[in-house]
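*Asks:* One predicted model, sequence on top.
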Amino acid sequence: MSIRVEEEVKAAEQALATLPEEARKAISEFTMMSISNIPEDQRDLIKARLASSIIAALPVAQRELKFKIEDFIRPTKMVSGKYTVVELRPEMYNLTTFRYNWTATGEQSCPWNVTTPETIVMIIVGFQNPEPSPKTRYVYGKIGVDDLPVYYVGDLEGFRVKVLPQPYILKPRTSIELKQYIEATGYDEFKPFGAAIVPAVEATKRAPWTF
């Protein structure tokens, strides 16, 4: 583990320790589940980055979704009136899958461009492309009012994560306007990696969110 990663892990652990027990367990359990498929050399960094990003997003979520930190629980509980954290899912982007069959090359609009649902605060910490033969060379555009400079993702493979320098925390009704450079036609699965703070009763929801 590099010194930088060690420092990030330590900072995440210290931030977790300041939370109430249930919130701490919710984030810890979520991050452990999220790294199960991540290459081993990335796991410590991804776990720490996810934890610190969710903690940073909690005050935003509490304000936007109107809940108290005591109402933030583990996703397995599914209690009405409570909130939890889950992975980013296609349904949150009005899709059934992140996998997309490109029929044209060059710069194309990202399939998961959307104005985010009103009951979700999203956290994007990076990108993945588990397609065996990825087609996306780079991505750029806007996430809300923030620019995403040209970001090379052509070296992604398997469940490796291209970690962004800083996470993007998306309030409800935030616009995602990204362009991808597509190198070849065919299937691709370029997708966001991160977390979403949602109502606990919708933690297992697989239908499209209300847009």
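*Replies:* Structure received.
*Asks:* Surely residue 118 is in contact with residue 174?
*Replies:* No. Between residue 118 and residue 174 there is no contact under C-beta atoms under 8 Å: 10.4 Å. C-beta here means a position set from N, CA and C on the backbone, and glycine is covered the same way.
*Asks:* Check which residues of the lengthiest helix in the chain are buried.
*Replies:* Using DSSP state H to define each element, the chain has its longest helix at helix 43-65. Of the residues in helix 43-65, 43-55, 57-58, 60-62, 64-65 count as buried by neighbour count, 16 or more other C-beta atoms under 10 Å.
*Asks:* pLDDT below threshold where in this protein?
*Replies:* 1, 205-211 (pLDDT under 70).
*Asks:* mind listing the helices for it?
*Replies:* Counting by DSSP H, the chain has helices at residues 3-17, 21-34, 43-65.
*Asks:* will you turn those into CSV that also has distance to residue 202?
*Replies:* Output for these, formatted as CSV (distance: least, C-beta to C-beta, whole Å):
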stretch, distance to residue 202
helix 3-17, 24
helix 21-34, 15
helix 43-65, 12
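*Asks:* Residue 131 versus residue 186, what's the distance?
*Replies:* 9 Å (C-beta to C-beta, to the nearest Å).
*Asks:* nope, residue 31 is what I meant
*Replies:* 25 Å.
*Asks:* now do residue 143
*Replies:* Computed as C-beta to C-beta, the residue 143 to residue 131 distance reads 22 Å.
*Asks:* ditto for residue 111
*Replies:* Per C-beta to C-beta, residue 111 is found 13 Å from residue 131.
*Asks:* Could you do residue 149 as well?
*Replies:* In this view, residue 149 and residue 131 are 24 Å apart by C-beta to C-beta.
*Asks:* Looking at these two now, which is surrounded by more residues?
*Replies:* Remark: of residue 149 and residue 131, residue 131 carries more neighbours, 20 against 9, as counted by other C-beta atoms under 10 Å.
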